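**Q** One predicted model, sequence on top.
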Amino acid sequence: MIKTTTLFEIEDRHSSGAYGKRPTALVRGDGVYVYDQNGDRFLDATAGQGVAALGHCHPAVVKAINEQAARLITSHESFYNDRRAELYALLAGIMPADLSRFFLCNSGAEANEGALKVAKLLTGRAGIVAAKRSFHGRTAGALSLTWTQKYRKPFQAWLPTVDYVAFNDIEAANMAITEATAAVVVEPVQGEGGVHPATIKYLQALRERCDQTGAMLIIDEIQTGFGRTGNWFGFQHVGIVPDIISVGKAMAGGLPMGAVCWRAAHGPIDRGTHGSTFGGNPLACAAALAAITTIRDEGLVEAARDNGEWFIDELAGLKLRGAREIRGRGLMIGIELRSRVTPALKALQEAGVLALPAGLNTLRLLPPLIISRDELTVIMSAIRAVLG
Ligand code: PLP
């Protein structure tokens, strides 16, 4: 076995430098737990950055990947494929209304790139409106939608112009969205920006203004999708139907996959206007089939809603001295701290719980949807010990 210190040295010498790394080498996962090289166990309330909705190495996903890997791993979408067809049918079944046209890709940022292209193709317009405090990814189009200056600044010269408006500000959105707008892009709960849910009125107003102007309403469901917020998709809390949604993260049980989904009423896009070598490969499709059917059959969307409500209530009841505000929807939970988040994350990890930051002073929890109340209680006790 490679020594932990050697492994750190190799990664530090050769990896891009783009990531700040925690000094822990995770080598195994099982359900809600991950294990380091020494066999130390951590309760993973990051779900691998919101990906492992079913926990790590869920048997249904492992089985599907193993079987498909032995059958056909790669096949471009210029041919038909059994697993892909099954996935399209499954996705169309869980999507509300006629959100049943899909472009399959390999990540969240790619899904947002695709969503922008689809909006431009369908409207023939160029304008883009996004929200302040947003995060939509790091490739050029997705980065242009991302508010945080530190991500965007070095690349600004390459990025399309985007009109940023304050999140949850209806008047500002109504002013910014015009007949020249192709796309309005928003997260139903801003994740990286600090776990801020969009208000019902705000999303309804965006829908109305897009209807008036002919702009496409794009909801970024990359972090919120597939049950995380206690509905299949975050926009379903509001009772609107977007024109386009982007998904990723939890879609394929841990394998890289994303998708652009849009309303059938808008029709298909023209041949050759978009494409991807790996998009819709049978291996990822098989994993997604297993992951999504498991989320559905094990009632994990409802579990996320019930457990999330319970957890947020219990947490609020603790009246933590170090917490300014608790926000969230379902099992997407943010605790705004009175201080910087990094020391709290370190202390939680020492107590055996992995959590995420969301901005400088918000602690974010994205536990696997399979988590039990006992396991949530373990997280809560660790938080109480750290935040008083
Ligand atoms: N959009 C949202 C809302 C996200 O949370 C993320 C990732 O955290 C992305 C887009 C980008 O996804 P990816 O890292 O898969 O490119």
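**A** Nice, I can see it. Numbering: from 1, shown residues only.

**Q** Please tell me I have it right and G352 contacts L43.
**A** Yes. Applying C-beta atoms under 8 Å as the test, G352 and L43 come out as touching, 6.1 Å apart. Bear in mind the C-beta positions are built from the backbone N, C-alpha and C, glycine included.

**Q** More neighbours: which of these two?
**A** Each of G352 and L43 has its neighbours counted (other C-beta atoms under 10 Å); L43 has more, 23 against 14.

**Q** Just the strands from the stretch 101-250 of the chain, written as ranges.
**A** 127-131, 163-165, 181-186, 189-190, 196-197, 216-220, 244-247 (DSSP state E, counting those that start in this stretch).

**Q** Any chance of CSV for these, columns distance to F8, mean neighbour count and mean pLDDT?
**A** Output for the strands of the stretch 101-250 of the chain, formatted as CSV (distance: least, C-beta to C-beta, whole Å; neighbours: other C-beta atoms under 10 Å; pLDDT from 0 to 100):
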stretch, distance to F8, mean neighbour count, mean pLDDT
strand 127-131, 38, 25, 98
strand 163-165, 39, 18, 98
strand 181-186, 38, 26, 98
strand 189-190, 33, 25, 98
strand 196-197, 35, 22, 98
strand 216-220, 34, 28, 98
strand 244-247, 34, 29, 98
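
**Q** Quick check: which of the ones you listed is nearest to G93?
**A** strand 244-247 (14.7 Å; C-beta to C-beta).

**Q** which bits of the protein sit near the ligand?
**A** 107-109, 112, 135-137, 187, 191-192, 220, 222-223, 248 (C-beta under 6 Å from any ligand atom).

**Q** returning to what we had before: find the residues that touch each one of G352 and L43.
**A** Residues touching both G352 and L43 (C-beta atoms under 8 Å, 6 or more residues apart in numbering): V378.

**Q** Could you tell me the phi and psi values at G191?
**A** Main-chain dihedrals, G191, degrees, to the nearest 10: phi -90, psi -70.

**Q** Let me know the pLDDT of it.
**A** According to the predicted model, the pLDDT of G191 comes to 98.

**Q** That one: how many residues sit nearby?
**A** Residues near G191, counting by other C-beta under 10 Å: 25.

**Q** surely it meets G50?
**A** Yes. Between G191 and G50 there is a contact under C-beta under 8 Å: 7.4 Å.

**Q** Give me the common contacts of the two.
**A** Q223.

**Q** List the residues that contact V27.
**A** 35-37.

**Q** Checking my notes, it in a strand, right?
**A** Yes. Membership of V27 in a strand is supported by DSSP: H, G, I helix; E, B strand; the rest coil.

**Q** per-residue confidence for it?
**A** 97.

**Q** same question, the one 4 residues further on
**A** The model reports G31 with a pLDDT of 98.

**Q** Now it: phi and psi?
**A** Dihedral angles (degrees, to the nearest 10) for G31: phi 60, psi -130.

**Q** so how far is A304 from it?
**A** 16 Å (C-beta to C-beta, to the nearest Å).

**Q** neighbour count winner among these two?
**A** A304 (27 against 19).

**Q** sec struct for the more buried one, please.
**A** Assignment for A304 (three-state DSSP): helix.

**Q** Distance check, it against L331.
**A** From A304 over to L331 (counting by C-beta to C-beta), the distance is 5 Å.

**Q** same check, this time on P188
**A** For P188, the distance to L331 (C-beta to C-beta) stands at 14 Å.

**Q** One more: L300?
**A** L300 is 9 Å from L331, by C-beta to C-beta.

**Q** between the two, who's got more neighbours?
**A** L331 (30 against 23).

**Q** Quick check: neighbours shared by A304 and L331?
**A** With C-beta under 8 Å, 6+ apart as the test, A304 and L331 both reach 228-230, 369.

**Q** Dump the residues you listed to JSON lines, plus distance to T362 and pLDDT.
**A** Shown next, in JSON lines, are the shared contacts of A304 and L331 (distance: C-beta to C-beta, whole Å; pLDDT from 0 to 100):
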{"residue": "R228", "distance to T362": "17", "pLDDT": "98"}
{"residue": "T229", "distance to T362": "17", "pLDDT": "98"}
{"residue": "G230", "distance to T362": "20", "pLDDT": "98"}
{"residue": "L369", "distance to T362": "21", "pLDDT": "98"}
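
**Q** Now tell me which helix or strand of this protein has the poorest mean pLDDT.
**A** Least confident helix or strand of the chain, by mean pLDDT, DSSP states H and E, is helix 149-152 with a mean of 93.

**Q** okay, the residue lying closest to E192 once chain neighbours are set aside: pLDDT?
**A** Computed as C-beta to C-beta, 6 or more residues apart in numbering, the closest residue to E192 that is not its neighbour in sequence is F135, at 3.5 Å. According to the prediction, F135 has pLDDT 98.

**Q** Ok, G388 next?
**A** At G388, the pLDDT recorded in the model is 87.

**Q** who touches K21 in this structure?
**A** 11-12.

**Q** For it, pull up the helix or strand it's in.
**A** Applying DSSP states H and E as the criterion places K21 outside every helix and strand.

**Q** Now it. Its backbone dihedrals?
**A** Dihedral angles (degrees, to the nearest 10) for K21: phi -110, psi 140.

**Q** Number the chain from 13, please
**A** Okay, residue one is now 13; in that scheme the one you just asked about reads as K33.

**Q** Quick one: residues contacting whichever residue of the stretch 63-212 of the chain sits closest to the ligand.
**A** Here the stretch 63-212 of the chain gets closest to the ligand at one residue, G120, 2.3 Å apart by C-beta to the nearest ligand atom. By C-beta under 8 Å, 6+ apart, the contact list for G120 reads 148-149, 154, 232, 234-235, 258-261, 270.

**Q** contacting residues for S112?
**A** Contacts of S112 (C-beta under 8 Å, 6+ apart): 103-104, 273, 275-276.

**Q** Fine by me, we can end here.
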